[in-house]
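> Here is my input; please provide its structure:
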Amino acid sequence: MGRQGLTLLCLLGTIAGCVLADPFTRKDRRLQATCEPQSFAALTPTITHAPVLDLEWVGADDLTVFAITHKYASEAGGLWRSKDGGSSFTELTQKLNSSISSAEAFSVMGVYSQRSAPGNVLLLGTGTYMWVSHDYGETLTPVKHTWRGSGIRSAKMHPRRDNWLLVLVKRPDCKTLDKAQMECPHDLMLNQDVFNPSASWNNLTAGSGGKVAGFVDFDWGASLCPKGSCPELPAIADELVLATMYAKPGDYDQPWDPDVHFVSSTNWFGAIDTHVRCGNMFEVVGRSIYLAFANSCPTDINGRARSKPSSYPRGITLFTSLDGGSSFTQACLPVALNQEGYELVETHDGRGAVIIVDFVVQTGFMDLPASSVYSAGPHHALFSLSLTDVYHSEFGTTTDFARVEGVPGIYIANQMLPRPPASAPSSSEAGPEGYDYYDLSDLTEQPLVETRITFNGGGRWQRIPAPTHITLPACDRCGGAPSCFLHLHGLSAWDNLGNSLPAVYSNPSAPGTVMATGNVAPLGVGLDGNDGLCTWLSNDGGVTWSAVGEGAYIYEFADWGGIVVMARHPGVDPAAPSAAADEIRFSLDYGRCWQSVPLSVAMLVDNVRIEPDGQRPRVVVHGRACRNTTNPKCVHEGQSASEGLMYAVDVAALMASKLGQCSPSDYEQWTVPTPAMTPRCVLGQQLQMTRRRQDSACLNGPTYVRPPALPSTCDCTMEDTECDYGYIRDGDKCVAISRNNMPQCPVIEDGTYTVSDSGRRLVHGDVCSNPKAIIPDTGGSGQGTHSDKGGGGKKSSSQHSGWFWILIVLLIAAVLGGAFWAWWRYAASESAQDTCRELAAAAAGALASLWGWILDGIHWIVDWVRRRRGGQPAGAGEELGYFQPLGDPGHDVEGRGNIFTLK
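Predicted coordinates:
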């Protein structure tokens, strides 16, 4: 072989060796499916005096990052700043301390930046100072104020005016002892040039001229329309402030207080534009204001004296406003809202809300907190039960209900069920209906918790089937059972005091990608925090899942969802040897292959964070130093509090030049699939969304703009519907709730909304075509007429109203009665009168017998209904306003699952 041939052979061999050693081929930058590991140098941490509490990104380039550290005992918390996106940090704590003359212990509690001039930064402290900077924190000017930052209950920048700030803060002269008599009063402070150190604060309480004694809560009216152009709303002035307040000192002394009122003002409460007496609590959700009205109020929502006391004096009534708070409409739920509380979750389209109502189930051995989910259909004020007995943490404040971001209509929740009895058949023998479960009030042990998912906005919930092939053996707990399901931890696990677990997580920057910790289990086992705990990922909106890590990991999505980063999380046992993280993992192909980056110092990870848009290929991992008895790379010793550690993980830098900018050929169209992997109609349309191909080794980049989803409208089917107001799901049917158990609903009574005879309506936000084909009378939108068949519907009128026919009958009766009286008085003989008396007596006896038969029949029907409901006595449902349906335990077959059963 000649020299040239040998050279060519060596060159070819070198190229082949490079290709085999590198999962990135040169041609088209395609990822190979071999998942060959890459080698990376160990990352070096930033060590802080205390663990990081929060991270704040400043500026359009996301290079300036502020890290706020914890405060321990009397030691003040610290502040650190990075100018390179988190790769390195410099401590600013000493600079803050030296800038003020008085010695006071403080912590930084908030970092605010001006959108139009991001170099302008405000640092709110817990003491009597705040700091203003005009150069991203390089120089800091202290500003003293009259109140202490530790008394701040809430602070909100204006959605449009980026230098207006409202702060709700405890009055400085309120002492702790006062709380024995009343709540400390709070003032609302306004600064209209907050990044100017010389700008003054305006006390809106003092400026109200005695109309306000103290504020309870507030929001900017512009939150209803942040961008300033909302055709469906009246003009929202920049100065509009919404608030709850009390007018006399000492009035506010309990959570639901008739002395707390809802008000609005456009001149800083020099005058009050709207005043709703007893409007205790409000929330701006989408374009609506939701107001909780105390039922103990002596007046109604319009200020008129009540004709009779409320049926539920300890509860609340929810009202909604679509005109910026000028007027309110009663929101109708088939349940009385008690004082356990409720949550509001904004729908994907930003124009509706899901209401999560908390309640307590009194069992034989404990009080069990739970929640019910109510969804709004076509009308914003009419809510129907979507899912009940949703898991609510006993010691936390959150409910296991999550909205999957980026894809409309998908929610994930955890539902409680009584455990199957020991004598129940095995899962392999259970039929389609599953076990015979009972009401939660019959519990004698902790309930079973199972995960449910909905792909139609809550119209139908179903279990998540376990993956058919689980690559990590420790994650497979199905044991060959034919019915096996995936159960995921919700927010209650993340907010759990002491030992937390990462919860269901999604991000609008990464549509379709969902991650969570959890376990698979046969029917009847449910969610378990220990056995088979693994980390799971879905890249199709929750339809299919794969195990990506044994044990608990914490996760984040970078580069618009093109990069997934995760790190070992301590989970329920931070002292376990496996709790410490000594590496960071990342995936470039939606979890199919993972690369590991070693850490020079191990730690107990608290979180993985990214800038709010999720656009950079860079994340910051922060946590606490771990003891060297758990991992050789742990460095913490002694009994002192752990130090804080931060690592910057820049995937683009780690991969050097292997990741270029994506080209058009690197993208694909995808839709949420059915289990058969065909396109699924979600809320009446198939959405063609764009994402980077799984095998494309490239970066979307910070300037990437995801194209809008391309909709294709679907014909209406039952999948587009949910039970209408006053109806509840029983298998595949919607059955009417007894009208005796239903609260009054003005929207229905005044004819604004008509309930369908079918008991169905379109799910909120559904845009399917030809809804009359499945809901002929109302088209699913509450517009139409029909006969009264219960369920809260309104009587219909065809050509004439019911009052017209009643009038006709009364006139005929009057004419006949007058004729009979004239005949009796002037023409009837005595024998004819005797005959009439005998016939009348016989008719009266027959009517009396008929009435007794009718009463017997009514009593029999009532008793039968009570037996069907498990022997519930009359009035037992008064507190909730209606009976509680049972969660379906049956085996869930796509399209045929029984979500609720009545007993």
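> Quick one: low-confidence residue ranges for the stretch 801-903 of the chain.
801-807, 809, 821, 823-826, 828-903 (pLDDT under 70).
> er, the stretch 401-550 of the chain I mean
For the stretch 401-550 of the chain, applying pLDDT under 70 flags the ranges 421-438, 497-498, 529.
> so where do the helices sit in it?
Under the criterion DSSP state H, counting those that start in this stretch, the stretch 401-550 of the chain contains helices at 491-494.
> got a pLDDT number for the closest residue to Arg706 other than its chain neighbours?
With sequence-adjacent residues excluded and distances taken as CB to CB, 6 or more residues apart in numbering, Arg706 is closest to Thr690, at 6.0 Å. No exception for glycine: its C-beta is placed from N, CA and C like everyone else's. If you check Thr690, the pLDDT there is 97.
> so what's Thr690 bridging to?
Beta-bridge partners for Thr690, by DSSP bridges, are Gln669.
> Tell me who's in contact with it.
Tyr667, Glu668, Gln669, Arg706, Pro707, Ala709 (CB atoms under 8 Å, 6 or more residues apart in numbering).
> Same question for Ala199.
Asn191, Gln192, Asp193.
> In a strand, it, correct?
No. Ala199: not assigned to a strand; according to DSSP: H, G, I helix; E, B strand; the rest coil it is coil.
> Start the count at 661 instead of 1 going forward.
In the new numbering, first residue 661, that becomes Ala859.
> Make sure Leu1125 is actually in contact with Cys1144.
To be clear, residue 1125 is Pro; Leu isn't right here. Yes. Counting by CB atoms under 8 Å, Pro1125 touches Cys1144, with 7.4 Å between them.
> Between those two, which is the more surrounded one?
Cys1144 (22 against 17; other CB atoms under 10 Å).
> Quick check: chain neighbours aside, which residue is closest to that one?
Closest to Cys1144 by CB to CB, 6+ apart is Cys1138, at 3.7 Å.
> now do Val768
Distance criterion CB to CB, 6+ apart; nearest residue to Val768, sequence neighbours excluded, is Leu739 at 4.7 Å.
> how far is the host helix or strand of Ser1044 from where the chain is centred?
Using DSSP states H and E, Ser1044 sits in strand 1043-1051. Relative to its chain's centre, strand 1043-1051 lies at 13 Å (CA atoms, centre = their mean, to the nearest Å).
> Repeat that for stretch 801-812.
Using CA atoms, centre = their mean, the offset of stretch 801-812 from its chain centre is 33 Å.
> Just give me the closest of the contacts of Ala859 to Ser776.
Asp853 (12.9 Å; CB to CB).
> surely the closest one meets Leu825?
No. Taking contacts as CB under 8 Å, Asp853 lies outside contact range of Leu825: 9.3 Å.
> more neighbours, the two?
Legend: neighbour count by other CB under 10 Å for Asp853 and Leu825, higher for Leu825 (22 against 13).
> neighbours around the residue nearest to that one when sequence neighbours are not counted, how many?
In space, and not counting its chain neighbours, Leu825 is closest to Val854: 4.3 Å by CB to CB, 6+ apart. Neighbour count of Val854, defined by other CB under 10 Å: 26.
> from memory Val854 sits against Leu784, does it?
No. Using CB under 8 Å as the test, Val854 is too far from Leu784 to be in contact (9.9 Å).
> For the residue positioned nearest the centre of the chain, what is the enclosing helix or strand?
The geometric centre of the chain, computed from its C-alpha atoms, lies nearest to Val1005 (CA atoms, centre = their mean), at 4.1 Å. Element membership for Val1005, per DSSP H and E: strand 1002-1006.
> which helices and strands does that strand pack with?
With contacts taken as 3 or more CB pairs under 8 Å, 6 or more residues apart in numbering; DSSP states H and E, strand 1002-1006 sits against strand 939-945, strand 1013-1022, strand 1061-1063.
> What is the neighbour count of Arg1287?
So Arg1287, with other CB under 10 Å, has 16 neighbours.
> One more: Ala931?
Ala931 is flanked by 11 other residues according to other CB under 10 Å.
> Quickly note the distance from the nearest residue to it once chain neighbours are set aside to Asp919.
Sequence neighbours aside, Ser925 is the residue nearest to Ala931 in space, at 6.4 Å (criterion: CB to CB, 6+ apart). According to CB to CB, to the nearest Å, Ser925 stands 19 Å off from Asp919.
> Have a look at the two and say which one is more surrounded.
Higher neighbour count among Ser925 and Asp919: Ser925, with 22 against 19, using other CB under 10 Å.
> Surely the more buried one touches Met905?
No. Using CB under 8 Å, Ser925 is not in contact with Met905; the gap is 10.1 Å.
> give the contact list for the closest residue to Gly1444 other than its chain neighbours.
Computed as CB to CB, 6+ apart, the closest residue to Gly1444 that is not its neighbour in sequence is Thr1438, at 3.9 Å. By CB under 8 Å, 6+ apart, the contact list for Thr1438 reads Thr1414, Val1415, Ser1416, Arg1421, Gly1444, His1446.
> Now list the buried members of those.
Among these, the ones that count as buried by 16 or more other CB atoms under 10 Å are Thr1414, Val1415, Ser1416, Arg1421, Gly1444, His1446.
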